[in-house]
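Participant: everything below, folded, please.
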Amino acid sequence: MTDRSKSSILNILESQSGIALLLVLFVVSLLIILAAEFAFTTRMEVTNARYFKENIEGYYYALAGFQYALTEVIGHFDEVYLAPDGQVGFYRQWLHEQYENGGGDGDSEYGYEWPPLPRRTGIPVGNGKFDYVITDEEGRINLNYLESRLRVGGKSMREIFREVLLATGVEEGEHPDIIIDSILDWIDPDDEHRLNGAETPWYQQNYAKMGFSHPYSAKNQPLDTIDELLMIRGMTPAILYGSDSIYARGLNNENEPIYSGILPYVTVYGYHRRINEGTAPPLLLGIIDPENAADRLDTRHERDSTARRRISRTFRIEVRGYSETADVEHVIMAVVRRSQQRDTGGGAEIYYWNDNAMAFGRDLWSYNISDSQWY
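Facilitator: Numbering: from 1, shown residues only. This next block holds a predicted model:
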């Protein structure tokens, strides 16, 4: 065999060895990628399964917390009082006789004469815990009764709601009246629109402007949920929830005002036509009675046996269920109305139920605003 033939054979063998090496490297790389993908998928499935398990557990912890909180609402109580953080307490004279007429030490933590609230955080249940918040739904404006003839602080419900709109960022002009008239047109039974309102023809023509893909009609019935307000002319997520809320981010125009949100001050649940001034947020009380609001805020946390207080029957219960070792919590929010059988604790009717709420105690901040933020 000549040297030339030997050289050709060696070149062929070397080239085949190079191809084989490339194939081996390709197969190894492919196996590494598949193994990494398998490990990632497995890890994701394990994580998702753990989150799902923690969420289910949190739901049942929260559900237990709701039943626990409900016992406060349906039990016998003599008065409703407001704690410094905006939560309501239920005064039971038979249970708190030491506080009657200013007796006893009062609430040493806050320095108020009302008894302290029962424990509402970190309550153990099974392997988890729950926190809950109870606020007074009747301390808000009931938008289903905006045309009520009853007056609060010398003002009609319409006037109070208009001032709330202005105080939360809606500019003076026709915009507040568009919102108010459109709400009234939405809930009244006729098809005649008010001066600044809207009935079915307006929604048939402007549904896209409201963010809907299909035309719709005015309801001509009372509002069933707060979110239903977003279907009404003039209302936006920023006005309802606030410009900084997750519901309004990315939707605001740069030239649009900054809204703090009307959500803490309005409701559509219950049958109350008045506002319970003893449990209303400071901004709302400042609108109702601007001259005396500061003094009333200073004294309404104090126990005064001569004061005439209105007992509310509709309350909002928010519960958070969680485990200290878990990364997931579950929030339930409900609005309940206590039975009229207050002496026997005749139960409660659920008006609103959301077992997948996104925030816990989101409205309590409205009770901690400064005096300068009333208007």
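Participant: for residue 361, see how far away residue 194 is.
Facilitator: 36 Å (Cβ to Cβ, to the nearest Å). Quick note: C-beta positions are derived from backbone N, CA and C, even for glycine.
Participant: where do the helices sit along the stretch 101-250 of the chain?
Facilitator: Secondary structure of the stretch 101-250 of the chain by DSSP state H, counting those that start in this stretch: the helices cover 157-167, 175-187, 200-206, 237-241.
Participant: out of those helices, nearest to residue 127?
Facilitator: helix 237-241 (34.4 Å; Cβ to Cβ).
Participant: tell me the mean pLDDT over the closest one?
Facilitator: In this model, helix 237-241 has a mean pLDDT of 93.
Participant: so for the top helix by length along the chain, mean pLDDT?
Facilitator: The helix that spans the most residues within the chain, counting by DSSP state H, is helix 3-74. Averaged across helix 3-74, pLDDT comes to 78.
Participant: elements contacting it?
Facilitator: For helix 3-74, the contact count by 3 or more Cβ pairs under 8 Å, 6 or more residues apart in numbering; DSSP states H and E identifies strand 123-125, strand 128-136, strand 314-322, strand 329-338, strand 348-354 as packing neighbours.
Participant: same thing but at 10 Å, please
Facilitator: Helix 3-74 is packed against strand 88-91, strand 123-125, strand 128-136, strand 314-322, strand 329-338, strand 348-354, with contacts defined by 3 or more Cβ pairs under 10 Å, 6 or more residues apart in numbering; DSSP states H and E.
Participant: tabulate the CA atom coordinates of the fourth one in CSV.
Facilitator: Yep, that's strand 314-322 we're talking about. Extracted C-alpha coordinates of strand 314-322, given in CSV (Å, rounded to 0.1, in the frame of the first residue of the first chain):
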residue,chain,number,x,y,z
THR,A,314,-75.5,45.1,58.2
PHE,A,315,-71.8,44.3,58.5
ARG,A,316,-68.9,43.4,56.3
ILE,A,317,-66.8,40.5,57.4
GLU,A,318,-63.3,39.9,55.9
VAL,A,319,-61.3,36.9,56.9
ARG,A,320,-57.8,35.7,56.0
GLY,A,321,-56.9,32.1,56.4
TYR,A,322,-53.3,31.0,56.3
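Participant: quick one: least confident helix or strand in the protein?
Facilitator: helix 3-74 (a mean of 78; mean pLDDT, DSSP states H and E).
Participant: after it, next one along is what?
Facilitator: strand 79-82 (DSSP states H and E).
Participant: mind listing what that next one pairs with, with the direction of each?
Facilitator: The pairing partners recorded for strand 79-82 under DSSP bridges are strand 88-91 (antiparallel).
Participant: ok now the strand it pairs with, how far from the chain's centre?
Facilitator: 21 Å (Cα atoms, centre = their mean, to the nearest Å).
Participant: ok, residues contacting it?
Facilitator: By Cβ atoms under 10 Å, 6 or more residues apart in numbering, the residues outside strand 88-91 that reach it are 72-73, 75-83, 96, 99-100, 107, 114-118, 120, 133-139, 276, 278-279, 303, 309, 311-312, 315-316.
Participant: for residue 318, what are its contacts?
Facilitator: Taking Cβ under 10 Å, 6+ apart as the test, what residue 318 contacts is 62, 65-66, 69, 131-135, 331-335, 354, 357, 359-364.
Participant: reformat the helices and strands packed on helix 3-74 as a markdown table; add distance to residue 52 and mean pLDDT.
Facilitator: Output for the helices and strands packed on helix 3-74, formatted as a markdown table (distance: least, Cβ to Cβ, whole Å; pLDDT from 0 to 100):
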| stretch | distance to residue 52 | mean pLDDT |
| --- | --- | --- |
| strand 88-91 | 35 | 88 |
| strand 123-125 | 20 | 93 |
| strand 128-136 | 15 | 94 |
| strand 314-322 | 15 | 95 |
| strand 329-338 | 11 | 93 |
| strand 348-354 | 20 | 91 |
